[in-house]
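Q: Please work out how this folds:
(one chain, ligands or ions: 1)
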Amino acid sequence: MNLLMQQVSHAQKRAAVGGILGRDTVTRSVAGGIFVCASERTQRAYWHYHVRRWFTLFGVKVLPGRILGDYVECFSCRSTYDPRIVGSTHPSLLLEETG
Ligand SMILES: [Zn+2]
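A: As a prediction, this is how the structure comes out:
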């Protein structure tokens, strides 16, 4: 009970500080495929993610902002890489790039 009340009061404080307009970031998968994972040195599935800024109104995302960055994540070992790794097929080249 005590803990619940503390959480409510914290949420109210955050809403007051945040005001009507705010900003948030959303990470979303935009593509997927097969690449050579530099960690595992073998072909794996990957997801390509975009990290985008969103403007919020009363905590609801209403307007997409610019893309802050993007990366690919290995579906198997969860390592993340520069998206340029996709399309490279020679494992030794990949290892030099990430070294
Ligand atoms: Zn991997």
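
Q: Could you pull out the strands in the chain for me?
A: 21-37, 42-57, 60-74, 80-81 (DSSP state E).

Q: and the second one with strand 60-74, angle?
A: If you take axes from the mean of the first three to the mean of the last three C-alpha atoms, to 10 degrees, strand 42-57 sits at 170 degrees to strand 60-74.

Q: Centroid-nearest residue for the protein?
A: Centroid check for the chain by C-alpha atoms, centre = their mean gives Thr27 as the closest residue, at 3.6 Å.

Q: from what I can see that one touches Val51, true?
A: Yes - using C-beta atoms under 8 Å, Thr27 is in contact with Val51, at 5.0 Å. (C-beta placed from N, C-alpha, C; glycine too.)

Q: and Leu57, how far is that from the ion?
A: To the ion, Leu57 is 39 Å away according to C-beta to the ion, to the nearest Å.

Q: contacting residues for Trp54?
A: The neighbourhood of Trp54, defined by C-beta atoms under 8 Å, 6 or more residues apart in numbering, consists of Arg23, Asp24, Thr25, Val26, Lys61, Val62, Leu63, Pro64, Gly65.

Q: Can you name the two of these that sit furthest apart?
A: Thr25 and Val62 (14.5 Å; C-beta to C-beta).
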